[in-house]
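**Q** Need the 3D shape of this:
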Amino acid sequence: MNRDNESRKVNISGTGQLAGGEYESVTVAGSGTVTGDLIADEVIVTGSGRFSGSVTVEEMRSSGSCKIEGELHATNLVVWGSLEVREDVVAELIKIYGSLSAREDVRSDKTFLAGSCSLGGSLEAEEFISRGTFDISDLLTADLVKAWLVGDNSAGEIGGREVIISASGLGFDVDEDMVRQGAENVDSALKNFGKGLGFDVELDSEKISREVSRLGGKLGSFVSSWETGNLSARLIEGDDLRLGGVRAETVRGGRVDIEENCKVQLVEYRDSLDVAGSSEVSERGRL
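**A** The predicted model follows:
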């Protein structure tokens, strides 16, 4: 273990142990144990890391195996490997490409899931975007819940202003505004380049954005056909609900679209209700 006492940067490249405290950065590339609570600007785990207390960090990236016995508080959390937290997880931004398991609650501004997530408590966020699998014992709540289902997913209850659940697998979403902005930036850069060389370069940015969006839609149809998933919940509630591949006891909302492969015992709606032919609703009523 190499330690710079001046900068408080710690690198555990073999097998080592570090006392808790305040550090600028902690990197675990081998097998490391941190005893006590840790406060740091940055924590990077590429090997095997165990933290016996709580961790408070600006940015944490784990591509190895990591266990935290206490709470985790982070500004940015990125998980490529496996991360297990015994208590609560609180972060502004969470990106999960590997696996996250927590025995208690997770709270964030935005959670993006492309791997797996298993929680003993609830998940609360402003945005929850999933292209992976999740098992949430209690409540999943967010202003926007958007999930492309892969495999088996579950939550005790789901609530949000807008809840979009698609059974069509991995999905592929194209942000047309982003595509258009990118095409316009390329257009502008090429025109400036052409002027520097003394000739005009014309680029139809609108056509490019249309073609990229069309390609994205075709790719989405192709990728989504690989696998379809399902979601089970006791209650799904929100203002605007579009649900596919859902098994639920109760669905309650303003505008409710029950799309393909759903089985719902009771649907309660305020404004409108549409039910696809492949889905089953046992009972429906207006709020």
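**Q** contacts, neighbours, all on C-alpha from now
**A** Noted.
**Q** so where's the stretch 51-200 of the chain shaky on pLDDT?
**A** Where the stretch 51-200 of the chain drops to pLDDT under 70, the residues are 169-200.
**Q** try 90 this time
**A** 167-200 (pLDDT under 90).
**Q** in it, which spans are strands?
**A** According to DSSP state E, counting those that start in this stretch, the stretch 51-200 of the chain carries its strands in the segments 55-62, 65-68, 72-79, 82-85, 89-96, 99-102, 106-113, 116-119, 123-130, 133-148, 152-166.
**Q** give the contact list for A142.
**A** The contact partners of A142, taken as CA atoms under 8 Å, 6 or more residues apart in numbering, are E124, A125, E126, E127, F128, G159, G160, R161.
**Q** which one of these is nearest V281?
**A** G159 (19.6 Å; CA to CA).
**Q** Count the residues that sit near the closest one.
**A** Neighbourhood size, G159 [other CA atoms under 10 Å]: 22.
**Q** Go ahead and confirm it touches I236.
**A** Yes. Using CA atoms under 8 Å, G159 is in contact with I236, at 5.9 Å.
**Q** if we can go back for a sec, can you redo the strands of the stretch 51-200 of the chain as CSV with distance to T46?
**A** Converted to CSV, the strands of the stretch 51-200 of the chain look like this (distance: least, CA to CA, whole Å):
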stretch, distance to T46
strand 55-62, 6
strand 65-68, 7
strand 72-79, 10
strand 82-85, 10
strand 89-96, 15
strand 99-102, 14
strand 106-113, 20
strand 116-119, 19
strand 123-130, 24
strand 133-148, 23
strand 152-166, 28
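**Q** Of all these, which one is nearest E280?
**A** strand 152-166 (16.2 Å).
**Q** What pairs with the closest one, parallel or antiparallel?
**A** Paired strands of strand 152-166, with direction, are strand 133-148 (parallel), strand 230-243 (parallel) (DSSP bridges).
**Q** I'd like those strands as a markdown table, with distance to R61 appended.
**A** A markdown table is the format used below for the strands paired with strand 152-166 (distance: least, CA to CA, whole Å):
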| stretch | distance to R61 |
| --- | --- |
| strand 133-148 | 20 |
| strand 230-243 | 29 |
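**Q** circling back: which among the strands of the stretch 51-200 of the chain is found nearest to G21?
**A** The nearest among the strands of the stretch 51-200 of the chain, by CA to CA, is strand 55-62 at 9.9 Å.
**Q** Quick check: neighbours of the closest one in the sheet, parallel or antiparallel?
**A** strand 31-45 (parallel), strand 72-79 (parallel).
**Q** mind putting these in JSON lines, mean neighbour count and distance to G14 included?
**A** Shown next, in JSON lines, are those (neighbours: other CA atoms under 10 Å; distance: least, CA to CA, whole Å):
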{"stretch": "strand 31-45", "mean neighbour count": "20", "distance to G14": "6"}
{"stretch": "strand 72-79", "mean neighbour count": "22", "distance to G14": "22"}
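**Q** Let me have these in CSV, extended by distance to R103.
**A** Output for those, formatted as CSV (distance: least, CA to CA, whole Å):
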stretch, distance to R103
strand 31-45, 18
strand 72-79, 12
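**Q** so which of those gets nearest L243?
**A** Once these are compared by CA to CA, strand 72-79 is nearest, at 28.1 Å.
**Q** residues in contact with the closest one?
**A** Contacts of strand 72-79 (CA under 8 Å, 6+ apart): 54-63, 85, 87-100.
**Q** sorry, back to before: between the contacts of A142, which sits nearest V246?
**A** Closest to V246, out of all of those and judged by CA to CA, is G159, at 14.1 Å.
**Q** and S63, what are its phi and psi?
**A** Backbone geometry at S63, expressed as degrees, to the nearest 10, gives phi -110, psi 0.
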